[in-house]
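Chemist: Give the three-dimensional model of this entry:
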Amino acid sequence: MGARAQYVVVENGTWQRYYSHWAANRVAADLLPSPAAATRCFRAHREIDEWLDDVWCEGAALVDHDRRVLLWFAHVGDWADHLAVRAVLALTWPGWDVRFAHDGLGDLTHHLGLGRDLTRSPGWFEIFEPVGFPYTEYAESSSVVSVRLPDGSVRAWGSDWEPVESLAGGPGVIDLVVASPPTPALTDMPEGGVHFDPQARTVSLWAVRTVAGIHDWPLPRWENWDLDFRGDDHTQQAGLLPEDFPFPRPRLAPALRSLADGLGTPPPDNGPLLARVAAESGPDGTTPTVNPTALVPHEPADPTPAELTLLRTALDTLIAEAETR
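Modeler: Numbering: from 1, shown residues only. Coordinates of the predicted model:
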C-alpha cells in the first residue's frame with residue numbers, strides 16, 4: 001500500500017538513494033522550487049541501499065549536481081498538468097538539463113552507468129497479445145493511434161491502450177487498428193500517441209507518461225522497423241492527423257493556477273489512520289500488520305522565502321503568458 005518514490009542525489013562523484021512511501025504524487029511538487037530545495041527534501045528521507053522496481057516505484061527523481069542534470073518521472077495528471085510542470089521547471093532550474101524519464105527507473109540507472117535492466121523484469125512485452133484493438137469505452141481516449149494507408153491518407157482512432165501497448169503485439173496490430181470502427185473525435189488531449197507508416201516501416205511514438213522499455217528497440221517482431229521516439233512532443237503526430245480528428249488545444253493557464261494554488265499544501269499523514277486499522281481485529285481472528293515505512297509521513301520540500309518568491313514569480317509569468325494565447 002502506498003505511492004512509493006525513490007530519489008537519487010549525485011554530488012562530488014558519489015550518489016545516494018532515498019525513499020518515501022507516500023511521495024509518488026509529490027515528486028513534481030517537491031522539484032518545483034529549486035535544485036537546492038529538492039535536494040534538501042530528498043535528503044530528509046530515509047537513505048536506502050537498494051533500488052525499487054518498475055512495479056512498486058510510481059515516481060522518482062535523480063538530481064545530478066555534478067553534471068547539472070535532473071531526471072524525473074511521476075504521473076502528475078493530464079497533458080496540461082504535465083506541460084505545466086515542465087514549463088515551471090524550465091524556469092526554476094536554470095542552467096540544468098531537465099528531462100522527463102520516459103524509461104522510468106531505467107533512465108536513472110542508465111545515467112549512473114548501471115544499464116537499463118537493473119530494476120526491470122525482462123520480457124514484459126512478450127506476454128502482451130492483443131486480440132483486438134480497443135477503441136475507447138470511456139469518456140476520453142488515453143492515447144491516439146494513427147495509420148498511413150496505402151493510398152497515402154491517414155486515419156486515426158482513440159484507444160484505451162497506453163502507447164507502448166500498441167507496440168507490444170508487433171506489426172500485426174496495424175491490421176487490427178485498420179479493421180476497427182471509427183471512434184469519436186477527441187475533446188481532451190490524450191496522454192500519448194502512436195503513428196504507424198507501414199510503407200516506410202516506421203513507428204512514431206510520444207507520451208507524457210512513462211513508456212518503460214522504449215529504449216529496448218527493436219522490440220520483438222519489430223525488426224527492420226525504425227522507431228521515431230518523440231518524448232512528450234505531440235506536434236509531429238498532430239500534423240499528420242486528418243482534419244476530422246484533430247488534437248484539442250487545451251489551455252495551460254488552469255493547470256498553472258492549480259500548481260500555484262497548491263503551494264504550501266502539506267501532504268496527508270496516513271499514519272494515524274493506518275495505526276487505527278492495525279489495532280482492529282481482522283477476520284477469523286487474524287491480526288492486521290502495517291509496513292512500518294507506511295507510518296512515516298512524507299516530508300515535503302520546504303523552500304526558503306527567496307526560493308518561494310522565485311517560484312511564485314515563475315508561475316505568475318507563465319500564467320500571464322498562457323492567458324494571452
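Chemist: how does this protein divide into domains?
Modeler: Segmentation of the chain into domains, based on automatic domain parsing, reads 5-121+294-321, 125-238.
Chemist: Pull out the buried positions in the helix ranked longest in the chain.
Modeler: For the chain, the longest helix by residue count, based on DSSP state H, is helix 305-323. Buried residues in helix 305-323, counted by 16 or more other CB atoms under 10 Å: 307-308, 310-311, 314-315, 318-319, 322. For glycine as for every other residue, the C-beta is placed from the backbone atoms N, C-alpha and C.
Chemist: Reformat those as JSON lines; add distance to residue 162 and pLDDT.
Modeler: Shown next, in JSON lines, are the buried residues of helix 305-323 (distance: CB to CB, whole Å; pLDDT from 0 to 100):
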{"residue": "307", "distance to residue 162": "35", "pLDDT": "96"}
{"residue": "308", "distance to residue 162": "36", "pLDDT": "95"}
{"residue": "310", "distance to residue 162": "35", "pLDDT": "96"}
{"residue": "311", "distance to residue 162": "32", "pLDDT": "97"}
{"residue": "314", "distance to residue 162": "31", "pLDDT": "97"}
{"residue": "315", "distance to residue 162": "30", "pLDDT": "97"}
{"residue": "318", "distance to residue 162": "28", "pLDDT": "98"}
{"residue": "319", "distance to residue 162": "30", "pLDDT": "97"}
{"residue": "322", "distance to residue 162": "28", "pLDDT": "95"}
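Chemist: How many residues are close by residue 240?
Modeler: 16 (other CB atoms under 10 Å).
Chemist: Are we agreed that it is in a strand?
Modeler: No - read with DSSP: H, G, I helix; E, B strand; the rest coil, residue 240 is coil and lies in no strand.
Chemist: Just give the closest residue to it, not the sequence neighbours.
Modeler: Leaving aside its sequence neighbours, residue 240 sits nearest to residue 154 (CB to CB, 6 or more residues apart in numbering; 5.2 Å).
Chemist: same check, this time on residue 206
Modeler: Excluding its sequence neighbours, the residue lying closest to residue 206 (CB to CB, 6+ apart) is residue 230, at 4.0 Å.
Chemist: List the contacts of the one you found.
Modeler: By CB atoms under 8 Å, 6 or more residues apart in numbering, residue 230 lies in contact with 204-206, 236-237.
Chemist: average pLDDT for stretch 231-244?
Modeler: For stretch 231-244, the mean per-residue pLDDT is 96.
Chemist: and the residue most central in space within the chain, what is it in contact with?
Modeler: By CA atoms, centre = their mean, the chain has its centre lying nearest to residue 209, at 3.1 Å. Listed by CB under 8 Å, 6+ apart, the contact set of residue 209 reads 75, 162, 191-192.
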